[in-house]
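*Asks:* return a 3D structure for these sequence lines:
(one chain, ligands or ions: 2)
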Amino acid sequence: MEKNKLIKKLENSNIVFFAIAVILFWIKTYAAYQSEFKLGIDNNLQKFLLAINPISTALFFIGLALLSKKHAKKLMISINFLLSFVLYANIVYYRFFNDFITVPVLMQAKSNAGQLGDSANSLMNLLDIFYFTDTIILIVLALTVFKKAVSKTRKSYQVVLLLSVSTFLFNLGLAEKDRPQLLSRSFDRNYLVKYLGAYNFTIYDAIQNIRTSSERAMASSSDITNIQNYRTAHYAPPNPAYFGKAKGMNVIYVSLESFQNFMIDYKMPDGQEVTPFLNSLAHDGSTFYFDNFYHQTGQGKTSDAEFLMENSLYPLGQGAVFVNKAQNTYQATPAILGQQGYSSAVFHGNYKTFWNRNVMYKALGYDQFYDAEYYDMNTPGNTKNYGMKDKPFFQESMPMLEGLKKPFYTKFISLSNHFPFEMDQQDTNFPAGDYGDSVVNNYFQSAHYMDEALKQFFDALKADGLYDNTVIVLYGDHYGLSENHNTAMAKVLGVPKITPAINAQLQEVPLYIHVPGVKGGVQHQYGGEVDVRPTLLHLLGIDTKDYIEFGSDLLSKSHRNWALFRNGDFVSPGVTAIGEKYYNPVTGELLPDQKAYKSTSNEVNTELQMSDEVVNKDLLRFYTPQGFKPINPNAYSYLGPNDGKSKKAKTKTSATE
Ligand code: GP9
Ligand code: MN
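*Replies:* Numbers count the residues shown, from 1 in each chain. Ligands and ions are numbered 1, 2, ... in the order given. Okay, the predicted model is just below:
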């Protein structure tokens with residue numbers, strides 16, 4: 001009898017319903033942390049924090065429902081559903097990108113028509129319903145056992161709020177103990193999620209975004225002084241042996257989609273080289289081939305690589321700088337060369353709005369953008385994934401390239417070697433890999449196709465005489481095979497497992513620079529995409545000392561021999577730093593004196609912070625390098641091939657009539 005009474009009492013209380021909601025939500029979130037995300041938990045404190053971090057969120061948000069006496073249960077269920085949705089969206093995004101959703105990523109979904117697009121379906125499965133089971137259980141309970149439950153008072157919310165705030169502060173306090181300055185100097189989203197949880201991360205991210213937009217408004221011209229001093233201190237003067245060796249020559253950049261450096265000289269089990277053409281360039285002695293060169297991109301992928309290469313600034317820690325900071329002032333290579341008599345153009349077989357390119361290219365000073373509209377996207381077999389396949393792309397680009405005013409500065413963004421790398425059967429007779437992972441297997445065929453397309457492009461350049469008077473720069477934009485494929489990658493590389501040091505090495509992308517008449521060869525210095533612009537400008541005879549940039553000329557005698565990653569990790573000849581742990585790059589083992597490298601980590605963070613300041617505060621608007629005229633992005637317009645033609649066509653028709 002007594003027992004029944006107690007049960008009745010419990011069933012009648014919304015507080016009990018609330019407690020069940022919190023516990024279910026907690027378990028669900030923790031299960032997701034364990035099974036979906038690779039957060040790099042490495043001590044007991046971190047384990048503990050991961051376990052407790054959903055509590056404050058659950059108490060706070062689900063607890064809000066207690067403010068309503070009438071609709072408490074309904075509200076709890078709705079809030080639970082919303083939170084579950086946030087978690088699940090992150091899970092799906094993480095399966096593809098190994099990263100968490102940020103506000104800028106949500107914003108750029110508009111301009112990229114949802115980059116996940118078709119892939120999203122393949123990243124979801126039926127078992128994912130698990131992430132909504134708590135919502136379902138709550139609905140069932142609300143309709144049955146707790147049908148009659150009521151809230152006696154709103155006061156319970158005060159208690160819950162107090163509990164939530166104190167658990168949060170406790171959590172944050174412990175996190176800061178393990179990682180000081182967690183909130184102020186974190187470039188790695190994994191850290192924030194592992195210490196504070198996926199939901200708090202979303203809130204932190206939203207606040208960060210509001211903060212950076214107000215940062216621009218508050219900035220003043222004095223903010224650039226600090227940056228200028230830093231820049232002057234790190235300037236690497238040109239190497240006289242190379243300075244001006246390409247003066248007046250045309251420039252062609254080729255962005256090699258998703259192309260990683262491990263492919264160079266890689267042989268399939270039957271002995272076939274995957275990329276014979278690129279291999280031959282690496283060894284021909286007349287092309288610089290950098291074999292310790294790294295991508296430094298963030299969430300903006302291809303566009304981040306473009307940003308690095310042409311501004312020598314780092315992309316943003318969150319979102320794509322092309323999308324979020326296209327209104328800023330820049331002093332980019334196309335603008336610099338434009339003022340030296342160069343014409344400039346980008347060639348890319350995808351639509352111009354992707355990555356907000358049509359807006360950003362104007363800020364960079366590009367005269368023309370040949371986007372998808374200029375290519376034959378209708379012939380069956382010409383396109384794949386996002387647009388043109390590389391062979392028809394290069395082929396159709398030639399007449400447009402030949403029509404440019406010389407000297408020209410151009411960029412070709414290849415596209416078909418893009419995730420998931422599937423090939424149309426008629427495009428390949430190269431064997432796929434056999435590594436138990438279809439994405440990895442396809443990668444070999446797809447890269448081989450790109451290599452053939454490049455050879456064809458070089459042949460065309462040789463045939464029309466451009467080759468002898470053109471600097472050609474080829475670079476892999478970013479990794480193609482994410483950590484999700486590391487099991488197969490271990491087989492590809494013939495190692496027992498992908499250690500953190502090997503994983504860092506997998507971020508290597510090839511860089512080639514061919515300068516007619518200049519002897520090249522394999523170069524072992526470390527560098528990243530940020531270093532290419534000073535290298536190129538110095539070859540063209542333009543000293544970069546007055547420009548605000550963070551890279552250093554790869555051919556300079558005082559080149560900084562490192563590559564830092566956007567999340568604050570770095571690689572250099574003696575050490576690979578991952579998550580502030582320092583490894584021997586060769587053996588992959590932790591280095592004995594971990595403290596010795598802390599100062600380099602600090603330098604890396606300072607550099608990223610400085611670059612972020614330039615971009616977030618739009619500081620280049622306060623500074624004009626000597627000899628450079630600020631450009632007006634509105635003065636550029638990219639007409640499509642048919643724009644303005646309709647009128648002409650009409651005139652023609654009426655003339656014949
Ligand atoms: C799309 C191309 C590929 O235009 O740049 O985008 P990615 O996903 O590699 O950034
Ligand atoms: Mn890309």
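*Asks:* skip the chain neighbours and tell me the closest residue to Ala241.
*Replies:* Leu555 (7.8 Å; CB to CB, 6 or more residues apart in numbering). Glycine gets a C-beta too; all of them are placed from N, C-alpha and C.
*Asks:* how close does the residue of the chain found nearest ligand 1 get to Ser556?
*Replies:* Proximity of the chain to ligand 1 (CB to the nearest ligand atom) peaks at Lys301, 2.9 Å away. Remark: distance between Lys301 and Ser556 (CB to CB, to the nearest Å) = 29 Å.
*Asks:* more neighbours: which of the two?
*Replies:* Higher neighbour count among Lys301 and Ser556: Lys301, with 23 against 20, using other CB atoms under 10 Å.
*Asks:* can I assume the more buried one is in contact with His478?
*Replies:* Yes: between Lys301 and His478 there is a contact under CB atoms under 8 Å: 5.5 Å.
*Asks:* so who does Tyr361 touch?
*Replies:* Counting by CB atoms under 8 Å, 6 or more residues apart in numbering, Tyr361 makes contact with Pro334, Val346, Phe369, Tyr636, Tyr638.
*Asks:* quick check: domain ranges of this protein?
*Replies:* 10-216, 231-655 (automatic domain parsing).
*Asks:* what mean pLDDT does the longest one get?
*Replies:* I take that to be domain 231-655. Per-region confidence: domain 231-655 scores 94 on mean pLDDT.
*Asks:* and for the shortest one?
*Replies:* Averaged over domain 10-216, pLDDT sits at 88.
*Asks:* quick check: end-to-end length of it?
*Replies:* 54 Å (CA to CA, to the nearest Å).
*Asks:* for Val345, helix, strand, or coil?
*Replies:* Actually, residue 345 is Ala rather than Val. Three-state call for Ala345 (DSSP: H, G, I helix; E, B strand; the rest coil): strand.
*Asks:* just grab the bridge partners of it for me.
*Replies:* Gln368, Thr410 (DSSP bridges).
*Asks:* quick one: contacts for the closest residue to Ala320 other than its chain neighbours?
*Replies:* Using CB to CB, 6+ apart and skipping the chain neighbours, the partner closest in space to Ala320 is Gly300 (2.8 Å). Contacts for Gly300 (CB under 8 Å, 6+ apart) come out as Gln108, Phe307, Pro315, Leu316, Gly319, Ala320, Val321, Phe322, Val323, Trp355.
*Asks:* nearest to ligand 2 among the residues you listed?
*Replies:* Trp355 (9.4 Å; CB to the ion).
*Asks:* so the closest one belongs to a helix, correct?
*Replies:* Yes: assigned with three-state DSSP, Trp355 falls within a helix.
*Asks:* give me the element the closest residue to it other than its chain neighbours is part of.
*Replies:* Excluding its sequence neighbours, the residue lying closest to Trp355 (CB to CB, 6+ apart) is Ser303, at 3.8 Å. Assessed by DSSP states H and E, Ser303 sits inside helix 301-311.
*Asks:* quick one, strands of the stretch 251-400 of the chain?
*Replies:* Listed from the start of the chain, the stretch 251-400 of the chain has strands (DSSP state E, counting those that start in this stretch) covering 288-290, 293-294, 343-348, 368-370, 383-384, 387-388.
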